[in-house]
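*Asks:* Pasting the sequence and the predicted coordinates here, then a few questions.
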Amino acid sequence: MRKQRGFTIVELLIVIVVIGILAAIVIVSYNGIQKKATTAALASDLANASAKLQLYQVDNSTYPNSISDCPTPAVGNMCLKASGSNTYTDFQSENTVSPSAACLTEKSSSGTSYYVTDSGTVSAGSCTAASCLSILNSSGSIGSGIYWIKPAAASTPFRVYCDMVTSGGGWTLLVTNPGPYTSWNMTNIYSLNSNQPSLLTPYSILNKGDMIKTNQSGNLQYRIDAVSLGHWGGVWQAPYTNTFVGTNVVTNATNIEKYDIWAIDTTLDDTSSLTNVMPWIGNSTQLLTTFGGAGSWWGTLVTGISGWAPAPYMSVEKPGPGIIWYWVK
């Protein structure tokens with residue numbers, strides 16, 4: 001009788017491994033194709049929806065109150081339908097500003113989300129990220145500019161200015177102070193033109209700083225710059241428990257990056273420059289300041305009295321920098 005040779009254990013293992021590799025390649029390729037198809041469908045839906053929203057805005061000078069009033073929308077509403085199993089999960093509009101603004105989020109059945117704003121740009125993510133840093137970390141950034149966010153403690157979404165470039169990006173603008181001193185007082189230092197984020201005109205959402213801050217290993221980060229972004233200031237970190245609306249001197253901040261050449265003042269009395277005091281709210285003179293509470297009050301970001309452009313900032317290098325910004329990460 002003739003013996004027939006079979007496969008050895010080694011040969012069988014090799015065949016199994018080869019089949020496994022080929023299967024993995026097929027699965028990865030299929031998943032990649034499926035992901036591209038999902039993204040394409042979301043982008044197409046949002047592009048079409050954006051065009052319809054823009055036409056509505058042109059005809060009515062505002063965006064609709066609702067996009068899901070189907071099949072026959074009432075006055076002030078629209079009916080937008082997503083394709084396939086995609087769903088529009090969030091629509092935000094701001095009609096109290098000119099021009100009015102809007103943001104629409106769509107999600108696929110697999111959970112992938114994309115959004116489009118009044119600019120017409122489609123991006124990964126949603127209209128309701130917690131902060132500018134959240135948008136950056138979720139790959140939803142399309143560069144520095146105005147975004148919608150909704151921190152966990154906020155009842156409704158709101159628009160903010162995000163710096164996605166300076167010092168790693170992900171910065172949410174809290175205060176813009178270009179002066180004049182008559183723009184500011186003990187009330188509006190907390191909130192001023194809050195629905196119109198701006199790098200150029202007086203603006204404050206200081207009362208929202210605590211809900212926007214991110215816990216980074218037990219710390220928060222804040223940034224101060226003047227004259228132009230990324231200059232004459234720096235980045236500080238402080239315990240996460242600190243508040244952006246404090247009314248007392250707190251000396252537990254640490255400078256971790258400095259812009260340009262200037263000296264941090266470590267003497268809290270008779271301050272001559274920015275200090276390691278986290279900006280706090282004083283009185284009508286020092287509305288928002290880093291000075292130590294006695295003597296000279298250089299190191300101030302916002303003042304309510306005349307004679308400064310826009311506040312007593314750095315006594316030697318930049319006594320009147322013209323414009324000052326304050327940010328949170």
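*Replies:* That came in fine, so what should we check first? Numbers count the residues shown, from 1 in each chain.
*Asks:* so which helix or strand takes in residue 41?
*Replies:* Per DSSP states H and E, residue 41 falls inside helix 9-60.
*Asks:* C-terminal to that helix, which secondary structure element comes first?
*Replies:* strand 87-94.
*Asks:* Contacts for the helix or strand just after that next one, please.
*Replies:* Sequence-wise, the next helix or strand downstream of strand 87-94 (DSSP H and E) is strand 101-107. Contact partners of strand 101-107, identified using CB atoms under 8 Å, 6 or more residues apart in numbering, comprise 42, 45-46, 49-50, 53, 57, 63, 67, 80, 82, 86-94, 113-118, 126-128, 146, 148, 157, 159. In this view, the C-beta of every residue, glycine as well, is placed from N, C-alpha and C.
*Asks:* Quick one: distance of strand 101-107 to the chain centre.
*Replies:* Put simply, strand 101-107 sits 16 Å off its chain's centre (CA atoms, centre = their mean, to the nearest Å).
*Asks:* cool, stretch 98-114 as well?
*Replies:* Here the centre of stretch 98-114 is set off from its chain's centre by 16 Å, with CA atoms, centre = their mean.
*Asks:* and what of stretch 252-262?
*Replies:* Distance, stretch centre to chain centre, for stretch 252-262: 22 Å (CA atoms, centre = their mean).
*Asks:* Show me the contact partners of that stretch.
*Replies:* 167, 221-222, 225, 230-239, 242, 264, 273-274, 276-278, 314, 316-318.
*Asks:* Can you tell me which of those are classed as buried?
*Replies:* 167, 221-222, 225, 230, 232-238, 242, 273-274, 276-278, 314, 318 (16 or more other CB atoms under 10 Å).
*Asks:* close enough to count as contact, residue 329 and residue 174?
*Replies:* No - distance between residue 329 and residue 174: 10.6 Å, which falls outside the contact criterion (CB atoms under 8 Å).
*Asks:* what's the span of stretch 190-204, first residue to last?
*Replies:* 6 Å (CA to CA, to the nearest Å).
*Asks:* Could you tell me which residues within it count as buried?
*Replies:* For stretch 190-204, burial by neighbour count (16+ other CB under 10 Å) applies to 190, 192-194, 196-197, 199, 202-204.
*Asks:* of all those residues, which two lie farthest apart?
*Replies:* 190 and 199 (19.6 Å; CB to CB).
*Asks:* so who does the closest residue to residue 297 other than its chain neighbours touch?
*Replies:* Excluding its sequence neighbours, the residue lying closest to residue 297 (CB to CB, 6 or more residues apart in numbering) is residue 291, at 4.4 Å. Contact analysis of residue 291 by CB under 8 Å, 6+ apart lists 268, 271, 275, 277, 297-300.
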